[in-house]
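>>> model the following, please.
(chains A and B)
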Amino acid sequence: MSDGLAVENLSFGYPGHRVGDGVSFSLRPGEVLCLLGPNGGGKSTLLKTMLGLLPPLAGTVRIDGDDTAAWNPRRRALAFGYVPQSGAGLFAFTVAEMVLMGRTAHHAAFAPPSAEDRAIADEALASLGMTALAHRSWLKISGGERQLALIARALAQQPRVLVLDEPTANLDFGNQIRVLAQVKRLAAQGLAVIFATHHPEQAFACADHVAVLHDHRLDRIGTPDAIITAATMREVYGVEVDIVPVEGSRLKMCAPKDWR
Amino acid sequence: MVLTAFAVTVGAYPVTLSDLAVSFGLKSGTVSDAAQTVIWQIRGPRIFAALLVGTALASSGSAYQSLFRNPLVSPDILGVSSGAALGAVLGIYLSLPVIGIEAMSFAGGLTAVGMVYGLAATISGRDPILVLVLTGVVVGALFGSGVALLKFLADPLNQLPAITFWLLGSLASFNRADLMVLAPTVLVAVIPLVLLRWRLDVMSLGEEEATALGVDVRWVRGAVVIGATLMTAAAVSVSGIVGWVGLLVPHLARLIVGPAFARLLPMTIVFGAAYLLAVDTVARTIGVVELPLGVLTAVIGTPVFLWLLARGRHGAW
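Residues are numbered from 1 along each chain as shown, chains lettered A, B, ... in the order given. Below is the predicted model of the structure:
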């Protein structure tokens, strides 16, 4: 069977309210998929259904050919690392404690985290250059720092597939760029990465594939160059743009005509 | 320890520290029979009761706060205390033995927490903290009216005074038989909280995030709710409604050791036990007539709660 993630004919949504239908795609280790789509189009619902947080209405999600339908949360957490849109932080855990929670699936329910768990969590923090923040309170760091710490937590999980739901929402310009640079680096280390975003340009920065969730379907899947076109932007977002290549790179920028 | 030794020595009958040391075989000498009785039959069990009730209320409060991701919940606010009280009053009304009262109390507490959580979960789209607290208040009021009905029906000469004094919260009538029920219940009920201390941290991130991190939330939630509710019920069935301990003590402990449950739980137990012992000692020694424990904890608790509420606006718990 194929290596990596395979989503087959997935229908998702809530009882009585189908959000998306017939979604199929696959992703190999080391590849990045950028998920685009309008507000309320069901990107988060799709990601949560893949993760098993919502039951699928139909279809299957496979990891290395195995159907994940019967997996328990622990087994799922060993396969999928999830970076939610906004980390729920109500209590003043330290950044290190928060990242250590990424090891939950690796130790037994009653067991404390081992020295190895702590070392892996520290390493995850260090890999994102966050060691200096380890003992800061979760409630007293910036949104960008939280986002990076949540990525560190997902890395501490040592998953096969990293799922990020709008990792750059609420981030300033600098942090958006830093987070995507990390995404690119993690894929180079062999992770399969899926991220949802509202910024088509980000696909050129780090994605191998782009998929657009529009009108309940995921029909457009392909390379950034093939998918992110003026026609797609018009149809999906209802705006007229020019796609402008940045010389000497694979990047392209979307220049809205309404702004000129 | 120091507080415990001190608590033994204060009260209507004078007992000296030296009497205490002799009685425990730490020192040779003689102690009057009256002093022996006071230490072993009256004050001793009561002090143990205060320590255990403080432990039970405070640690169940800290568990509910982590589980429901809500720093403002406690056994009283969630309606657990009212539910447990209704169960216990029903037990007294039916003249059940202590273990029967405790069982009724547990059933009442579990019903209340189930109702509050179930109702709050169906009311979506609003601030979940607010919904949970308000639902708790509403369910608490419903169970409170049940208690009022039983008081109305109770025999005014024998049962009514017993129920009324018991509801005010007091350890005055506590005896060794009660201790034999309370101590094992609290010890058994604290076990799931101790075992699941690491999982509770993850649960405090919310059930969705906890699931994504690999926690089987239904199982953990069930075990923690049963443990915490059993403890609350055990405490309520012997001491009546002693409010605010379950809310304030975990906060105080969290200010000192942070929210990680593995450190929070022991700190909460120490603070809860010490706090309730101190308040109970004050209650039985401050005046000629003993003050109800529940009244004292409320007088201390209300202003501190308001302070926490005002402070919560700044987002740090």
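>>> chain A contacts on the stretch 101-250 of chain B?
Within reach of chain A by CB under 8 Å from any CB of the partner chain, the stretch 101-250 of chain B has these residues: B:195-196, B:198-199, B:201-202, B:204-206, B:208-209, B:211-217, B:220. No exception for glycine: its C-beta is placed from N, CA and C like everyone else's.
>>> whichever of the residues you listed end up buried, select them in ChimeraX.
A single ChimeraX command is used to select the members of these judged buried by 16 or more other CB atoms under 10 Å in any protein chain shown:
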select /B:195,196,198,199,201,202,204,205,206,208,209,211,212,213,214,215,217,220
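>>> for residue A:224, give me its contacts.
A:34, A:203-204, A:207, A:210, A:250, A:252 (CB atoms under 8 Å, 6 or more residues apart in numbering or on different chains).
>>> make CSV from those residues and add secondary structure to it.
Shown next, in CSV, are the contacts of residue A:224 (DSSP: H, G, I helix; E, B strand; the rest coil):
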residue, secondary structure
A:34, strand
A:203, helix
A:204, helix
A:207, coil
A:210, strand
A:250, coil
A:252, strand
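>>> what is the nearest of those to residue B:271?
residue A:34 (50.4 Å; CB to CB).
>>> identify the residues contacting that closest one.
Applying CB under 8 Å, 6+ apart, the residues contacting residue A:34 are A:195, A:197, A:202-203, A:206-207, A:209-211, A:224.
>>> please narrow the residues you listed to those residing in helices.
Taking DSSP state H as the definition of helices, those contribute A:202-203, A:206, A:224.
>>> and the two most separated of the contacts of residue A:34?
Maximum pairwise distance among the contacts of residue A:34 (CB to CB): 14.4 Å, between A:206 and A:211.
>>> those two - which one has more neighbours?
Between residue A:206 and residue A:211, counting by other CB atoms under 10 Å in any protein chain shown, residue A:211 is the more crowded of the two (26 against 20).
>>> find the closest residue to chain A in the stretch 1-150 of chain B.
residue B:69 (5.3 Å; CB to the nearest CB).
>>> what's the local residue count around that residue?
21.
>>> distance check, it against residue A:81.
22 Å (CB to CB, to the nearest Å).
>>> now the helix or strand hosting residue B:163: average pLDDT?
For residue B:163, the enclosing helix or strand under DSSP states H and E is helix B:159-168. Confidence over helix B:159-168 (mean pLDDT, whole number) is 83.
>>> which other helices and strands does that helix contact?
Helices and strands touching helix B:159-168, by 3 or more CB pairs under 8 Å, 6 or more residues apart in numbering or on different chains; DSSP states H and E, are helix B:80-93, helix B:128-153, helix B:293-312.
>>> and the ones you listed as JSON lines, adding mean pLDDT and mean neighbour count?
Listed next are those as JSON lines, based on pLDDT from 0 to 100; neighbours: other CB atoms under 10 Å in any protein chain shown:
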{"stretch": "helix B:80-93", "mean pLDDT": "90", "mean neighbour count": "28"}
{"stretch": "helix B:128-153", "mean pLDDT": "87", "mean neighbour count": "17"}
{"stretch": "helix B:293-312", "mean pLDDT": "82", "mean neighbour count": "16"}
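>>> how about CSV for those, with distance to residue B:278 added?
What follows is the helices and strands packed on helix B:159-168, written out as CSV (distance: least, CB to CB, whole Å):
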stretch, distance to residue B:278
helix B:80-93, 21
helix B:128-153, 27
helix B:293-312, 10
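>>> how about the residues of chain A near chain B?
Residues of chain A that fall close to chain B, judged by CB under 8 Å from any CB: A:48, A:51-53, A:72-78, A:80, A:82, A:84, A:87-94, A:97, A:101-102, A:104-105, A:107, A:109-113, A:137, A:139-140, A:153, A:157.
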